[in-house]
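> Quick one, what's the 3D model for this:
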Amino acid sequence: MPRRTRWTLLWLALAAIVVIRAGDRKPHRGVILDHLEFGRRLMAGEDVYATWKSDLDAPSKPLHAPYPPSFGLLTAPFSIVHETLGLTTARVTWALLQVLAILLLLRAIWRMPLPPPSTSEQERRWISLLVLLLLSRLLLRDTHGGGGNLINVAMCAIAFADAERGKEARAGWLLGFSLATKPTQAFLLPLFFLHGRKRTVGHALLCGASCVGLSLLLLRGDVAPWLRWLEGSLALAQQTDAFAAPALQFPEFEWMNQSLRCATARWISEVPPEFAQRVAWGVMPGLGLSATAASWSARAILFAMLAWLLTAAWGARHVINAAESPSRANLRTRQFAAALAFSLLASPLSWKGHHVALVPMFCLLCLHSWRTKSRSTIALLAAWFLCCGIGQAIISDDGDEWLNSVYVMPAFDVLLFVALLRARSNASQ
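This is a model prediction of the structure:
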């Protein structure tokens with residue numbers, strides 16, 4: 001059997017596993033139910049945030065409170081499939097879109113400017129498979145539950161690859177639609193701008209404005225949902241105490257929220273007893289400082305990381321009508337991947353499923369270790385897999401919750417961010 005055929009069969013088998021798992025889930029489980037209802041409400045002109053209870057075991061709560069109303073533009077087609085062909089068909093079609101997103105994400109990464117020499121087809125195949133294995137827990141979490149993180153990350157990656165190839169209009173509309181449906185990656189806008197992709201940023205803003213306008217049209221001109229989302233988002237971003245109940249019934253503190261904001265609150269201040277008792281293995285005490293000290297610690301770390309990233313972006317900007325070395329373009333690719341990791345740390349809500357945004361970073365680091373045999377990079381990736389890539393099926397639910405409580409994932413986000421930018425610096429010398 002030809003090698004290409006064997007690889008095709010392998011990818012088809014992996015895709016089938018993902019789709020079957022998603023379609024076979026219990027009827028009342030998964031965030032996909034929230035997605036379908038959100039899209040249906042937007043199309044019907046109803047209050048998209050009205051109380052909702054998708055999971056029979058969970059209490060009623062506002063539907064998708066942290067999502068903007070325009071998120072429904074992504075899910076509305078699947079809500080139509082749900083109403084006409086049933087829930088299983090809607091689950092399967094959404095899972096097929098997620099599989100397509102994985103394939104397009106990997107294709108976009110290998111179309112980005114990479115360090116010379118050019119990657120071979122064999123390299124791309126093996127590294128892609130290695131990355132899928134390393135991140136399998138996160139990928140399966142996003143696809144099984146019906147999350148949309150892979151879809152949004154894929155759109156951002158395609159936008160970057162297109163912008164680097166001069167297709168800035170298409171790049172901008174893809175980026176704009178991704179940010180309009182889920183603005184977690186908003187930090188890509190200043191990055192693209194500093195890279196010299198002003199037309200991409202302009203088209204992204206135009207697309208975002210169009211999505212807002214279309215959502216208002218579907219809501220029959222009712223601006224209340226948008227005002228509610230803006231008020232809740234600003235209140236959550238400004239909230240000093242990460243353990244306090246957020247305004248407008250936004251999601252409350254959970255150990256699974258692996259944002260830097262929660263990590264600093266856990267270690268700089270003190271964990272309230274009602275949250276500590278949820279960790280069966282116990283919670284080590286924090287420093288006991290004030291919530292304000294924890295909040296400003298997170299902001300200081302994020303400011304330093306953002307300043308480093310944007311300064312590097314300006315140094316690697318695309319200069320029109322000037323000869324450009326491949327190394328400069330490669331720096332922009334590394335900065336794009338680092339920006340995705342930074343967004344995970346900066347977001348007030350950063351669930352584990354959101355960490356599929358690390359796919360571009362892992363591809364670059366695996367490529368780097370594949371070629372250079374860098375022991376430090378290999379050790380970092382192996383340590384990440386041992387601490388973050390092994391699920392509760394092996395370490396139990398209690399062990400998984402304990403790892404959440406010590407915040408190994410945001411710690412690795414910082415380490416991966418630094419490793420990628422340092423590798424970039426070494427490549428440029």
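
> Next, count neighbours for the nearest residue to residue 333 once chain neighbours are set aside.
The shortest distance from residue 333 to any non-neighbouring residue, by C-beta to C-beta, 6 or more residues apart in numbering, is to residue 112 (4.5 Å). For the C-beta atoms, the positions are set from N, CA and C on the backbone; glycine is no exception. Counted with other C-beta atoms under 10 Å, residues neighbouring residue 112 total 22.

> Residue 112 touches residue 164, doesn't it?
Yes: under the criterion of C-beta atoms under 8 Å, residue 112 lies in contact with residue 164, with a separation of 6.2 Å.

> hey, what's in contact with both of these two?
Common contacts of residue 112 and residue 164, defined by C-beta atoms under 8 Å, 6 or more residues apart in numbering, comprise residue 333.

> contacting residues around the helix or strand that contains residue 396?
Under the criterion of DSSP states H and E, residue 396 resides in helix 392-406. The contact list for helix 392-406 (C-beta under 8 Å, 6+ apart) reads 255-256, 258, 266, 271, 278-284, 387-388, 391, 409.

> Just the buried ones among the residues you listed, please.
The neighbour-count test (16 or more other C-beta atoms under 10 Å) marks 255, 258, 266, 271, 279, 283, 388, 391, 409 as buried among the contacts of helix 392-406.

> May I ask which two of these are separated the most?
Of all pairs drawn from the buried ones among the contacts of helix 392-406, the greatest distance, 24.0 Å, lies between 271 and 391 (C-beta to C-beta).

> So, low pLDDT: which residues of the stretch 151-300 of the chain?
Applying pLDDT under 70 to the stretch 151-300 of the chain flags no residue at all.

> So which residues of it form strands?
Counting by DSSP state E, counting those that start in this stretch, no segments of the stretch 151-300 of the chain form strands.

> residue boundaries of the helices in it?
Secondary structure of the stretch 151-300 of the chain (DSSP state H, counting those that start in this stretch): helices located at 168-181, 188-194, 198-218, 224-238, 260-268, 273-276, 291-315.

> among those helices, which is nearest residue 351?
Comparing the helices of the stretch 151-300 of the chain by C-beta to C-beta, helix 260-268 comes nearest, at 10.9 Å.

> hmm, back to that, would you format the helices of the stretch 151-300 of the chain as a markdown table with distance to residue 23 included?
Formatted as a markdown table, those follow (distance: least, C-beta to C-beta, whole Å):
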| stretch | distance to residue 23 |
| --- | --- |
| helix 168-181 | 23 |
| helix 188-194 | 32 |
| helix 198-218 | 28 |
| helix 224-238 | 31 |
| helix 260-268 | 33 |
| helix 273-276 | 35 |
| helix 291-315 | 39 |
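
> so residue 134 makes contact with residue 359?
No: counting by C-beta under 8 Å, residue 134 sits too far from residue 359 to count as a contact (9.6 Å).

> of these two, who's got more company?
Shown here are residue 134 and residue 359; by other C-beta under 10 Å, residue 359 has more neighbours (26 against 21).

> Next, count neighbours for residue 133.
Neighbour count of residue 133, defined by other C-beta under 10 Å: 12.

> now the helix or strand containing it: mean pLDDT?
For residue 133, the enclosing helix or strand under DSSP H and E is helix 121-134. For helix 121-134, mean pLDDT is 94.

> can you give me the angle the very next helix or strand once past that helix makes with helix 121-134?
Next along the chain after helix 121-134, taking DSSP H and E as the criterion, comes helix 136-145. Orientation check (axes from the mean of the first three to the mean of the last three C-alpha atoms, to 10 degrees): helix 136-145 against helix 121-134 gives 70 degrees.

> Which pair of the contacts of helix 392-406 spans the longest distance?
271 and 391, at 24.0 Å, using C-beta to C-beta across the contacts of helix 392-406.

> residues touching residue 311, list them.
Contacts of residue 311 by C-beta under 8 Å, 6+ apart: none found.
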